[in-house]
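Novice: Provide a 3D model corresponding to the input given below.
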Amino acid sequence: MYEVICGLPPYHDVCHDNILAIRICQGLRPRFNIIVPQLIVNLIKRCLDANQLNRPTAKEIKEILAQWCCEVFNNQTELGKQIIEAEEINNNLPVNSTPSISLGLSYTMHSKAIYTSKLLNFNNLSKPKNTDDYYEQNDNIISLKSLAESLQIDNLQLRIGAEPDNSDYSYEKNDDMISSESLQIDISQVSTEHQDSQSKGKEKI
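Specialist: Sure thing, here's the model as predicted:
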């Protein structure tokens with residue numbers, strides 16, 4: 001659902017290695033580059049929940065999507081209202097900040113982003129968890145605050161549990177476990193959230 005909505009494969013711009021696996025276990029989730037209806041965000045967050053008992057079954061997802069197919073073009077339903085509201089905001093965003101909704105979609109895939117199964121060996125992989133504000137209502141899978149927090153990797157855990165390829169990270173000039181490049185957040189995401197909180201005033205579901 002994430003890739004269909006935003007047009008980008010999740011984690012397409014980072015190396016798919018042990019470090020990414022640890023980040024995901026610590027709560028890292030992909031972020032949308034556009035505003036997404038809250039009902040859709042809620043379903044995606046359920047699918048990405050660290051607790052497998054909270055994830056919907058394939059049958060439940062099918063039933064939800066079937067119901068949405070009848071509501072998507074009806075602006076009297078809650079989903080229809082949210083779609084119209086999201087489209088109005090997305091249409092006013094700068095084109096270069098929303099590549100997924102422009103006609104000429106173009107993005108750079110990391111050379112070590114691999115979307116086929118591969119074995120990652122860990123001695124002590126941490127138990128998966130959600131971010132502290134994962135269940136709060138917002139129009140993105142993960143907030144900017146949670147994104148920054150989930151990028152903080154425990155030094156000892158990384159050293160014991162993973163053997164990453166250091167070639168993609170700036171350890172030489174950086175005391176942190178990840179490079180400053182990894183912590184950079186697209187300013188369009190910040191402005192989008194600010195615009196949403198200041199001018200939308202939408203009703204939370």
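
Novice: ok, how many other residues are close to residue 148?
Specialist: Neighbours of residue 148 under the rule other Cβ atoms under 10 Å: 11. The C-beta positions use only the backbone N, C-alpha and C, and glycine is treated the same way.

Novice: what mean pLDDT does the helix or strand that it is a member of get?
Specialist: Secondary structure assigned from DSSP states H and E places residue 148 in helix 144-150. Per-residue pLDDT over helix 144-150 has a mean of 85.

Novice: and if you look at stretch 64-82?
Specialist: 91.

Novice: buried set for it?
Specialist: 68, 71, 77, 79-82 (16 or more other Cβ atoms under 10 Å).

Novice: please enumerate the strands of the protein.
Specialist: Secondary structure of the chain (DSSP state E): no strands located.

Novice: output the below-cut-off pLDDT ranges for it.
Specialist: 95-106, 153-205 (pLDDT under 70).

Novice: one more pass at 50, please.
Specialist: For the chain, the stretches flagged by pLDDT under 50 are 99-104, 156, 160, 162-194, 197-205.

Novice: okay, helices next: where are they in it?
Specialist: Ranges of helices in the chain, per DSSP state H, are 2-6, 18-25, 38-47, 58-71, 78-91, 144-150, 155-161, 180-183, 187-195.

Novice: got JSON lines for these, with distance to residue 116 too?
Specialist: Below are the helices of the chain laid out as JSON lines (distance: least, Cβ to Cβ, whole Å):
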{"stretch": "helix 2-6", "distance to residue 116": "15"}
{"stretch": "helix 18-25", "distance to residue 116": "15"}
{"stretch": "helix 38-47", "distance to residue 116": "20"}
{"stretch": "helix 58-71", "distance to residue 116": "22"}
{"stretch": "helix 78-91", "distance to residue 116": "32"}
{"stretch": "helix 144-150", "distance to residue 116": "25"}
{"stretch": "helix 155-161", "distance to residue 116": "23"}
{"stretch": "helix 180-183", "distance to residue 116": "23"}
{"stretch": "helix 187-195", "distance to residue 116": "29"}
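
Novice: the helix holding residue 148: which residues count as buried?
Specialist: Across helix 144-150, burial judged by 16+ other Cβ under 10 Å covers 146-147, 149-150.

Novice: quick revisit: of the helices of the chain, which is nearest residue 113?
Specialist: Within the helices of the chain, the stretch nearest residue 113 is helix 18-25; the backing value is 9.3 Å (Cβ to Cβ).

Novice: show me what the closest one is packed against.
Specialist: On a contact count with 3 or more Cβ pairs under 8 Å, 6 or more residues apart in numbering; DSSP states H and E, helix 18-25 meets helix 155-161.

Novice: check the gap between residue 47 and residue 142 for me.
Specialist: The spacing between residue 47 and residue 142, counted by Cβ to Cβ, to the nearest Å, is 13 Å.

Novice: which one of these two has more residues nearby?
Specialist: Higher neighbour count among residue 47 and residue 142: residue 142, with 22 against 13, using other Cβ under 10 Å.

Novice: how about the nearest residue to that one once chain neighbours are set aside, what does it touch?
Specialist: Distance criterion Cβ to Cβ, 6 or more residues apart in numbering; nearest residue to residue 142, sequence neighbours excluded, is residue 29 at 4.2 Å. Listed by Cβ atoms under 8 Å, 6 or more residues apart in numbering, the contact partners of residue 29 are 48, 131, 141-142, 150.
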